[in-house]
Structure formats: C-alpha cells, structure tokens
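> this is a predicted model, with the sequence first.
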Amino acid sequence: MSDIKLFHRTGASLSELPGSSSPLEKALQTLFEQNLETMLGVRCQSRSKKGPNRGVKLGQSV
C-alpha cells in the first residue's frame, strides 16, 4: 500500500521486509488528518474548494 520500504539489517546485509497494512493504519491516518492543525499548525482546505481566479478545484490539474 505504501511506497516506503523497510529493511532488516543483519551485519552488512539487508533484506526487505514484506509490506502489509493494518486495521489500525486507517484509524491512525484519520486521527492524524483531523488533528493536523493542533499537532503541526497546518490547516488543509477542502478539496471541493475552488482556487482563486480560475474556478479550478484545488489539487486538480489545469
């Protein structure tokens, strides 16, 4: 699900750990997203808002 890869190191050798998701992953993501302003001082705009002077939704390619 993620592009981040994890590795296990044994001496000078690395082996990639298999990726998997957890039921807790979605709950943590939602909790983090709902508290971005409190934790990081970041406020995200709704994706349905339109950008100034263009009438284009934020995050949409022009």
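Now that the structure is in, tell me what you want to look at.

> helix/strand/coil for residue 37?
Classification of residue 37 by DSSP: H, G, I helix; E, B strand; the rest coil places it in helix.

> quick check: chain neighbours aside, which residue is closest to residue 36?
Of all residues not flanking residue 36 in the chain, residue 42 sits nearest, at 4.6 Å (Cβ to Cβ, 6 or more residues apart in numbering). No exception for glycine: its C-beta is placed from N, CA and C like everyone else's.

> and the longest helix for the protein?
Using DSSP state H, we find that the single longest helix of the chain is helix 23-34.

> ranges for the strands of this protein?
Under the criterion DSSP state E, strands of the chain are mapped to 7-10, 13-16.

> just the CA atoms of the longest helix of the chain, as CSV, please.
What follows is helix 23-34, C-alpha atoms only, in CSV (Å, rounded to 0.1, in the frame of the first residue of the first chain):
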residue,chain,number,x,y,z
PRO,A,23,-6.7,-2.1,10.5
LEU,A,24,-5.1,0.4,12.8
GLU,A,25,-3.5,2.2,9.8
LYS,A,26,-6.7,3.9,8.6
ALA,A,27,-7.7,4.9,12.1
LEU,A,28,-4.3,6.5,12.7
GLN,A,29,-4.4,8.3,9.3
THR,A,30,-7.8,9.7,10.1
LEU,A,31,-6.8,10.8,13.6
PHE,A,32,-3.6,12.4,12.2
GLU,A,33,-5.5,14.2,9.4
GLN,A,34,-8.2,15.5,11.8
